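# Dropping the sequence and predicted coords here.
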Amino acid sequence: DVKVTQSSRYLVKRTGEKVFLECVQDMDHENMFWYRQDPGLGLRLIYFSYDVKMKEKGDIPEGYSVSREKKERFSLILESASTNQTSMYLCASSLTDGLNTEAFFGQGTRLTVV
Amino acid sequence: AQSVTQLDSQVPVFEEAPVELRCNYSSSVSVYLFWYVQYPNQGLQLLLKYLSGSTLVKGINGFEAEFNKSQTSFHLRKPSVHISDTAEYFCAVRPPGGGGSNYKLTFGKGTLLTVNP
């Protein structure tokens, strides 16, 4: 089974801290994604990566950056955490194959910024 | 660009009743369509998908969905729900084929299905 693992289920950070959210997948997927989930807003794409060291902005990249130094790992970075970044963060991965279309999701990291 | 509208934010039903969760999409090109389910405190799990071919798609846990191109809809149905179906359901789209940003999924805002005894 494909496994997408997010390093923390729950995090509490202070305003202004630099925060790292880590995601690892074990199925050699080329594509990796970071989504943010808020009540009533669904999932919104922050960044995605289709190859090592490659990244593209999603719909809400402001205040975030990403790093993909190895194929299996995709990190989301909050340079200076703010209270409006309190949210559920979901990582996903998928193959670069037009017919293998499923995206696999991690369990999520619930981040609270105080 | 694509967009997805889930017409109901909450759907309460009684156990063993049928349910339909509605999804409409907007796109200037053809799309792949998906339904995902999220149980409390978990990530998303694929229920079913439509890529091409038969417009009636069957998924896991007894769910099915029908693609209607003229109405740009992909409604999810189950003839008889169980308490364990209580979850949030997300409709999503992406362009077909491969290449860079084609792999991005665009999600609707979700429908919370609550099944009551």
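Nice, I can see it.
# which other helices and strands contact the helix or strand harbouring A:Gln37?
According to DSSP states H and E, A:Gln37 maps onto strand A:31-38. Using 3 or more Cβ pairs under 8 Å, 6 or more residues apart in numbering or on different chains; DSSP states H and E as the contact test, the elements touching strand A:31-38 are strand A:19-25, strand A:42-51, strand A:64-70, strand A:73-78, strand A:87-94. All C-beta atoms are positioned from the backbone trio N, CA, C, and that covers glycine.
# and B:Asp85, what does it touch?
Taking Cβ atoms under 8 Å, 6 or more residues apart in numbering or on different chains, we find B:Asp85 in contact with B:19, B:61, B:78, B:113, B:115.
# Ignore what I typed, I meant B:Gln6.
B:Gln6 touches A:42, B:21-23, B:89-91, B:108-111, counting by Cβ under 8 Å, 6+ apart.
# what bridges to it?
Going by DSSP bridges, B:Gln6 is paired in beta bridges with B:Cys23.
# Identify those among the contacts of B:Gln6 that sit within strands.
If you go by DSSP state E, these have A:42, B:21, B:23, B:89-91, B:111 in strands.
# would you list those residues in JSON lines and tack on neighbour count?
Formatted as JSON lines, the ones in strands among the contacts of B:Gln6 follow (neighbours: other Cβ atoms under 10 Å in any protein chain shown):
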{"residue": "A:Gly42", "neighbour count": "21"}
{"residue": "B:Leu21", "neighbour count": "24"}
{"residue": "B:Cys23", "neighbour count": "25"}
{"residue": "B:Tyr89", "neighbour count": "24"}
{"residue": "B:Phe90", "neighbour count": "25"}
{"residue": "B:Cys91", "neighbour count": "30"}
{"residue": "B:Thr111", "neighbour count": "23"}
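# how near is the residue nearest to the spatial centre of chain A to chain B?
Nearest to the geometric centre of chain A sits A:Trp34, at 2.7 Å (Cα atoms, centre = their mean). A:Trp34 sits 11 Å away from chain B, taking Cβ to the nearest Cβ, to the nearest Å as the criterion.
# Go ahead and confirm that residue touches A:Ile46.
Yes. The criterion here is Cβ atoms under 8 Å, and A:Trp34 meets it with A:Ile46 at 4.5 Å.
# Mind listing the shared neighbours of those two?
A:58, A:64, A:66, A:76, A:89.
# Please identify which of the residues you listed is nearest to A:Asp28.
A:Val66 (19.2 Å; Cβ to Cβ).
# Can you verify my assumption that that closest one contacts A:Ile77?
Yes. Here A:Val66 reaches A:Ile77: they are 6.7 Å apart, a contact under Cβ under 8 Å.
# I'd like the mean pLDDT over stretch A:64-84, please.
For stretch A:64-84, the mean per-residue pLDDT is 96.
# Determine how far the last residue of it lies from the first.
Taking Cα to Cα, to the nearest Å, stretch A:64-84 runs 12 Å from one end to the other.
# Where does the prediction get shaky in the chain?
You didn't say which chain, so I picked chain A. Residues of chain A meeting the criterion pLDDT under 70: A:1-2, A:97-100.
# Chain B is the one I meant
For chain B, the ranges with pLDDT under 70 are B:97-102.
# related to what we said a few turns ago, near chain B, from the shared contacts of A:Trp34 and A:Ile46?
Near chain B, judged by Cβ under 8 Å from any Cβ of the partner chain, the entries from the shared contacts of A:Trp34 and A:Ile46 are A:Gly58.
# Turn the shared contacts of A:Trp34 and A:Ile46 into CSV, including neighbour count.
As requested, the shared contacts of A:Trp34 and A:Ile46 are exported to CSV (neighbours: other Cβ under 10 Å):
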residue, neighbour count
A:Gly58, 20
A:Tyr64, 20
A:Val66, 22
A:Leu76, 23
A:Tyr89, 24
